[in-house]
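Undergrad: can't give you the sequence, but here's the structure:
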């Protein structure tokens, strides 16, 4: 019987594909050097280790049903992410995971779905969107609301445009600051919630983005009548061990690496309202 991998020991993976998304953001497809990659669910994350530099938590951002590769979209914000962004096809890195909880895909079947994403927050939601679109008949009305600072910072721009061209989902995009060529909405993404079409009493909402944006999105959804227990947010914290031992990602009584990153809003509402946590 094969022994399970030690969750604290990185496994060696190789970059099989690299593509530039934005000036500071790339997407990497990575595959294990030996054996098969473990199963994963939309919303989970891996710890990615740049040899000689360190490791950071990065959410899944591709089709988790694929048995061959993990897909991660990474923005350059520090030494580790800079090293990962600069990896070329064929380069190796360490991987621990998958860890954490995922989006409630089973509980969402049959309901309307509202997906609210801000900036890089679209990356952790992308696997859920792809799963919904691959099984479109299982869900009710689907609304995707995405906001970013500027049109040139629109993550997955071509894929967003393909989603917008579909007749079976509603997609709205908004930017904080428009340029001369922008013809869409200008403002913040929570403002789109008031005008979106969905049955609040039978809706599940999935939210990921900057914390302030998520707070206002939760408030806007509550004003529309969506129950707190049907709202899910993906939290970002400083995960180090990823198994609930070190305490770096403690969030009130919970640990984001173990109890999240996807959390049902009614279970964290009190802690989420305290900005210092």
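TA: Cool, the structure landed. All figures in this text were calculated on a predicted structure; none of them were measured in a lab.
Undergrad: got the contact list for the nearest residue to residue 24 once chain neighbours are set aside?
TA: Of all residues not flanking residue 24 in the chain, residue 76 sits nearest, at 4.5 Å (Cβ to Cβ, 6 or more residues apart in numbering). The C-beta positions use only the backbone N, C-alpha and C, and glycine is treated the same way. Counting by Cβ atoms under 8 Å, 6 or more residues apart in numbering, residue 76 makes contact with 24-25, 82, 85.
Undergrad: at 7 Å instead, please
TA: Shown in contact with residue 76 (Cβ atoms under 7 Å, 6 or more residues apart in numbering): 24, 82, 85.
Undergrad: and the pLDDT for it?
TA: Among the per-residue scores, residue 76 holds a pLDDT of 96.
Undergrad: swap in the one 10 residues further on?
TA: On pLDDT, residue 86 comes in at 97.
Undergrad: quick check: it vs residue 119, distance?
TA: In this view, residue 86 and residue 119 are 21 Å apart by Cβ to Cβ, to the nearest Å.
Undergrad: more crowded one of the two?
TA: The residue with more neighbours, out of residue 86 and residue 119, is residue 119; 21 against 12, by other Cβ atoms under 10 Å.
Undergrad: I figured the more buried one was touching residue 209, is that so?
TA: Yes: at 5.9 Å, residue 119 and residue 209 qualify as touching, with contact defined as Cβ atoms under 7 Å.
Undergrad: can you give me the strands in the stretch 1-150 of the chain?
TA: Taking DSSP state E, counting those that start in this stretch to define them, one finds strands in the stretch 1-150 of the chain at 11-22, 25-32, 45-50, 54-59, 70-75, 92-99, 112-118, 142-148.
Undergrad: now the contacts of residue 76 in a markdown table, with distance to residue 214 and neighbour count?
TA: A markdown table is the format used below for the contacts of residue 76 (distance: Cβ to Cβ, whole Å; neighbours: other Cβ atoms under 10 Å):
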| residue | distance to residue 214 | neighbour count |
| --- | --- | --- |
| 24 | 22 | 15 |
| 82 | 26 | 15 |
| 85 | 25 | 18 |
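Undergrad: now the strands of the stretch 1-150 of the chain as CSV including distance to residue 5?
TA: Listed next are those as CSV, based on distance: least, Cβ to Cβ, whole Å:
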stretch, distance to residue 5
strand 11-22, 6
strand 25-32, 10
strand 45-50, 12
strand 54-59, 15
strand 70-75, 14
strand 92-99, 8
strand 112-118, 31
strand 142-148, 35
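Undergrad: would TSV of these with distance to residue 183 and mean neighbour count be doable?
TA: Formatted as TSV, those follow (distance: least, Cβ to Cβ, whole Å; neighbours: other Cβ atoms under 10 Å):
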stretch	distance to residue 183	mean neighbour count
strand 11-22	21	16
strand 25-32	24	20
strand 45-50	36	25
strand 54-59	31	22
strand 70-75	26	22
strand 92-99	39	21
strand 112-118	21	26
strand 142-148	15	24
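Undergrad: which one, of those strands, ends up nearest to residue 264?
TA: Closest to residue 264 of these is strand 112-118 (Cβ to Cβ; 14.9 Å).
Undergrad: got a list of contacts for stretch 153-166?
TA: 21-22, 25, 120, 122-123, 126, 144, 146, 148, 169, 171, 173.
Undergrad: okay, now the unreliable bits of the protein?
TA: Applying pLDDT under 70 to the chain picks out residues 1-4, 276-277.
Undergrad: show me where the protein has helices.
TA: Here the chain has its helices, by DSSP state H, at 79-85, 105-108, 122-134, 157-164, 211-224, 256-259, 265-272.
Undergrad: tell me which of the ones you listed sits nearest to residue 239.
TA: Relative to residue 239, the nearest member of the helices of the chain by Cβ to Cβ is helix 256-259, separated by 4.5 Å.
Undergrad: which residues touch that closest one?
TA: If you take Cβ under 7 Å, 6+ apart as the criterion, helix 256-259 is touched by 99-101, 235, 237, 239, 242-244, 249.
Undergrad: want to try TSV for those, with distance to residue 30 as columns?
TA: TSV is the format used below for the contacts of helix 256-259 (distance: Cβ to Cβ, whole Å):
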residue	distance to residue 30
99	16
100	18
101	22
235	24
237	23
239	18
242	17
243	21
244	25
249	23
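Undergrad: how about those residues, which pair is most distant?
TA: Spatial extent of the contacts of helix 256-259 (Cβ to Cβ) is set by the pair 235 and 243 at 16.7 Å.
Undergrad: cool, thanks, talk later.
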